[in-house]
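Engineer: 3D model of this:
(chains A and B)
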Amino acid sequence: MTSVRLVKAAAAAVAVAAVVAAPYVLPSYVVSLLTLGFIAALLAGSVNLLAGQAGLVSLGHAGLAAAGAYGVAWATVQGLPLAAALGVAGALTLAVSVLYALTTMRTSGIVFLMITLALGITVFGLAVKLSSVTGGQNGLTGIRRPEPIGEWWQFYFFTAAVYGVCLLAMAALNRSPFGLTLRGVRESQSRMTSLGYSVRAVKFTAMVVSGGFAGLAGVLLAWNSEFMSPSAVSFPRSALAVVMVIVGGVGTLLGPLVGAGIVVATEYWLSSYVERWPTVLGVALILVVLYAPRGIVGGLEGLAGTLAQRPRRKEES
Amino acid sequence: MIPRSWQSRRTARLLLVVVALALAASACAPGEDGGGDQAGGSVKLGFISPVTGFVAALGTDMRRGWEMYWSQNGGKAGDTTVQTVFEDDTGDPDVALTKARRLVEQEQVQLVAGPILANTAYAVAGYVAGRGLPTVQMTGADDLTQRKFDPLVLRVGYTSSQSNFPAGQWAYEQGHREAVTICPDYAFGWESCGGFVSAFVEAGGKITKQVWHPLGTQDFSTYVSQARQANPDVVFVGSAGGPDAILFYKAWTGFGLKDKIPLIGNCCFADQVFLREVGDEALGLQSFTYWVEGRDSPVVQNFVKAYEQQHKEIPSLYAAGAYMMAQVVAEALKKTGGKIEGKAFIDAARQVSLSDSLYGALTFDDTNNVVGPVYRTQVARREDGTLWSVDEQTFPEVSQFGSEGKEAFLEHPVFSRDYTGQ
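Structural biologist: Okay, here's the model as predicted:
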């Protein structure tokens, strides 16, 4: 056991060192892609929280990110100070998350999927139509990051740190009694009800917590582009977040990060050389679903498990 | 021995992987031209347009127009060798922004041209200008050279409202007093209709109804019947082109309104895509635009001929627009001796004045927008039977501020659903 822990600790140390070293050795454009990757991973992580633990796949999480993004963008353009801007973003995210939670807490499976899809499209429609607030299709310009994280490398460190903290929070949540309750809801709602849990309350809380992470990803997104328009929160963004989770591995902690890395690399890096990058992404998704149904991280974990078990079997026989 | 079924399944899987890899490999884009450095210096330009996604057709035409200018001029502006790095923005502002970052930070281009959609253009122009580099644009979004003017951004093109001022004025002069407008319900539509409405109302006309339809409407019959019920003297349609324009016109003729109510289109209504689909029903249709493929000018006809030879179709507004961007960049490079130095380059580009271009006689105003002619066009038949637009009347030196003048124009907010200059 201790050797496994040691390996894990060493891997984590190497990962942190690599993240810290990146801006010093990589060109600024690549670092900006890494920043985007962390933001995408945070949004995918919020989807994974619901999908992996509670078995609720949301196709409308871009709408939750939109609340945070438009909150901070609008407030900044209005000239409000940073704390107030974050307050607006937080309040808006909370309001939209509660709305999502209230409308979906009685549902699961395909119904949950369809309602979140509809909610996401509703938010997109509002972003397009409320042009006096959101700037409509033209978007909001003139958003500036706060001074201490103004430079690209400062913002990279900030995003990486925020993602790291969120990752630890999600890991803690998964291990907590609440995480267990969520998995219980996934396995059998009727059994959870007979044990005395309110399934609705559990789903409500899970959606609001997940919405909080998504809203935070939205704030980072608006700060990253320093520009906000409806297409940043359109349906394809929600769908890509789900693709990241599936490719990386549903229910695994690092799956969304790996999935986000692959999707961002395909969308931004590969697309400069390959015109039909969506085809490549589609083929990759099909291959993962066929050969690693638990995603890349899930598949690797399974492989590691088998390898670790093999010697023992020999001993037994 | 391995069971047969298992063996064949394994082969099938292997086959699938091979097919997938082959697909991925075949999707490779053609390589970029490696512009050789020769005497006279060289510049590296970035060009962003959507060649995949829902507006891929526009972006592809743009790329062709841009490439055509440089290939006709040997890839040179005076003594300066010009190299272009192309990027695809998929019609998404965040992608556009990231691609602009790549062009500026990795490819180290000295200028960025494009993209086309208003939101992508705002995102790119904001970033590139923020880095102190010049951009040239052809998008219509009014405020880019008005309330959000930036000295590093030059628009080689017309604002969405600009070409529709003469339309409003002309409609009134024809004796029309009551008009109905039909425009898509987003910024481009608001600005297109705003141009017509403000000029028509200023002349003394009255707008009895403004119909707004969502972008991508399938069934226009409700919108057409709304327009008919108002019983106007004239209907103005400010379309973004594509399926919307075609489906609207099919509903319009289906209701039997073709010869009953006069119809005026904007720049992008009766374009080549529209004419190919609608055919003879479109003959005689009137529009107000700046790109007229049938205009009797050697500049235009040489371009149309060369473009048709290469791509087997009459060039669209987007091909012409990108060609114009390339031409203005080339003229400015000749003025600066091949140097691109931020604001100085845009200042030089603003001084470019063309006695005849694809758009006609062209100058720039002091907020970096085109002052040029607008044409009243009519759909006609070319000698070989192809439909195209020919100019009937020219309105010279139309400014982005209409007849109001800059100060008065900038007093009011940008055209929107709530404000169209009435």
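
Engineer: for residue A:253, see how far away residue A:4 is.
Structural biologist: 16 Å (C-beta to C-beta, to the nearest Å). Every residue, glycine included, has its C-beta placed from N, CA and C.

Engineer: sorry, that was for residue A:123
Structural biologist: 28 Å.

Engineer: in the stretch 201-350 of chain B, what residue is nearest chain A?
Structural biologist: Of all residues in the stretch 201-350 of chain B, residue B:215 sits closest to chain A, at 8.7 Å by C-beta to the nearest C-beta.

Engineer: what residue ranges in the chain score low on pLDDT?
Structural biologist: Chain wasn't specified; assuming chain A. Along chain A, segments meeting pLDDT under 70 span A:1, A:310-317.

Engineer: hm, I was asking about chain B
Structural biologist: B:1-39.

Engineer: tell me, how many residues neighbour the closest residue to chain B within the stretch 201-317 of chain A?
Structural biologist: Of all residues in the stretch 201-317 of chain A, the one sitting closest to chain B is residue A:276 (3.8 Å; C-beta to the nearest C-beta). Neighbour count for residue A:276, taken as other C-beta atoms under 10 Å in any protein chain shown: 17.

Engineer: so it touches residue B:53, yeah?
Structural biologist: No - in this structure residue A:276 lies outside contact range of residue B:53 using C-beta atoms under 8 Å: 11.7 Å.

Engineer: picking that back up, is it true that the residue of the stretch 201-350 of chain B closest to chain A touches residue B:184?
Structural biologist: Yes - between residue B:215 and residue B:184 there is a contact under C-beta under 8 Å: 4.7 Å.

Engineer: now do the shared contacts for those two.
Structural biologist: Jointly contacting residue B:215 and residue B:184 under the rule C-beta atoms under 8 Å, 6 or more residues apart in numbering or on different chains are B:240, B:244.

Engineer: of those two, who's got more company?
Structural biologist: Counted by other C-beta under 10 Å, residue B:215 and residue B:184 do not tie: residue B:184 has more neighbours, with 23 against 16.

Engineer: how much space is there between that one and chain A?
Structural biologist: 10 Å (C-beta to the nearest C-beta, to the nearest Å).

Engineer: so that residue touches residue B:210, yeah?
Structural biologist: No - taking contacts as C-beta under 8 Å, residue B:184 lies outside contact range of residue B:210: 12.0 Å.

Engineer: and the stretch 151-300 of chain B, which residues reach chain A?
Structural biologist: Proximity of the stretch 151-300 of chain B to chain A, by C-beta under 8 Å from any C-beta of the partner chain, involves residues B:185, B:186, B:187, B:188.

Engineer: save those as CSV, and put in distance to residue A:214 too.
Structural biologist: Shown next, in CSV, are these (distance: C-beta to C-beta, whole Å):
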residue, distance to residue A:214
B:185, 28
B:186, 26
B:187, 27
B:188, 30
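
Engineer: now, those residues that are in strands?
Structural biologist: Nothing among those maps onto strands, per DSSP state E.

Engineer: can you pull out the strands in chain B?
Structural biologist: Using DSSP E, strands in chain B cover B:42-49, B:76-77, B:80-88, B:111-113, B:135-137, B:153-155, B:178-184, B:206-213, B:234-237, B:263-265, B:286-289, B:363-364, B:370-381, B:387-398.

Engineer: export those strands as a markdown table, with columns for distance to residue A:37.
Structural biologist: Output for the strands of chain B, formatted as a markdown table (distance: least, C-beta to C-beta, whole Å):
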| stretch | distance to residue A:37 |
| --- | --- |
| strand B:42-49 | 22 |
| strand B:76-77 | 39 |
| strand B:80-88 | 19 |
| strand B:111-113 | 24 |
| strand B:135-137 | 27 |
| strand B:153-155 | 30 |
| strand B:178-184 | 35 |
| strand B:206-213 | 39 |
| strand B:234-237 | 44 |
| strand B:263-265 | 45 |
| strand B:286-289 | 44 |
| strand B:363-364 | 41 |
| strand B:370-381 | 40 |
| strand B:387-398 | 47 |
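
Engineer: what about residue B:361, how many residues close to it?
Structural biologist: Residue B:361 has 15 nearby residues by other C-beta under 10 Å.

Engineer: same deal with the one 5 residues further on?
Structural biologist: Other residues near residue B:366 come to 10 when the count uses other C-beta under 10 Å.

Engineer: and what of residue B:263?
Structural biologist: 23.

Engineer: how far away is it from residue B:204?
Structural biologist: Taken as C-beta to C-beta, the span from residue B:263 to residue B:204 is 21 Å.

Engineer: do residue B:409 as well
Structural biologist: From residue B:409 to residue B:204 the distance is 19 Å (C-beta to C-beta).

Engineer: who has more neighbours, those two?
Structural biologist: The residue with more neighbours, out of residue B:409 and residue B:204, is residue B:409; 18 against 8, by other C-beta under 10 Å.

Engineer: not counting sequence-adjacent ones, nearest residue to the more buried one?
Structural biologist: residue B:401 (4.0 Å; C-beta to C-beta, 6 or more residues apart in numbering or on different chains).

Engineer: from memory the one you found sits against residue B:412, does it?
Structural biologist: No - assessed by C-beta under 8 Å, residue B:401 is found out of contact with residue B:412, at 11.0 Å.

Engineer: show me which of those two is the more surrounded one.
Structural biologist: Under the neighbour definition other C-beta under 10 Å, residue B:401 and residue B:412 were set side by side, and residue B:401 has more, 21 against 12.

Engineer: OK, contacts around that one?
Structural biologist: So residue B:401 contacts B:408, B:409, B:410 (C-beta under 8 Å, 6+ apart).

Engineer: can you verify my assumption that the last one contacts residue B:145?
Structural biologist: Same thing as residue B:410. No - here residue B:410 does not reach residue B:145: they are 10.9 Å apart, not a contact under C-beta under 8 Å.

Engineer: quick one, which of these two is more surrounded?
Structural biologist: Comparing residue B:410 with residue B:145 by other C-beta under 10 Å, the one with more neighbours is residue B:145, at 24 against 16.
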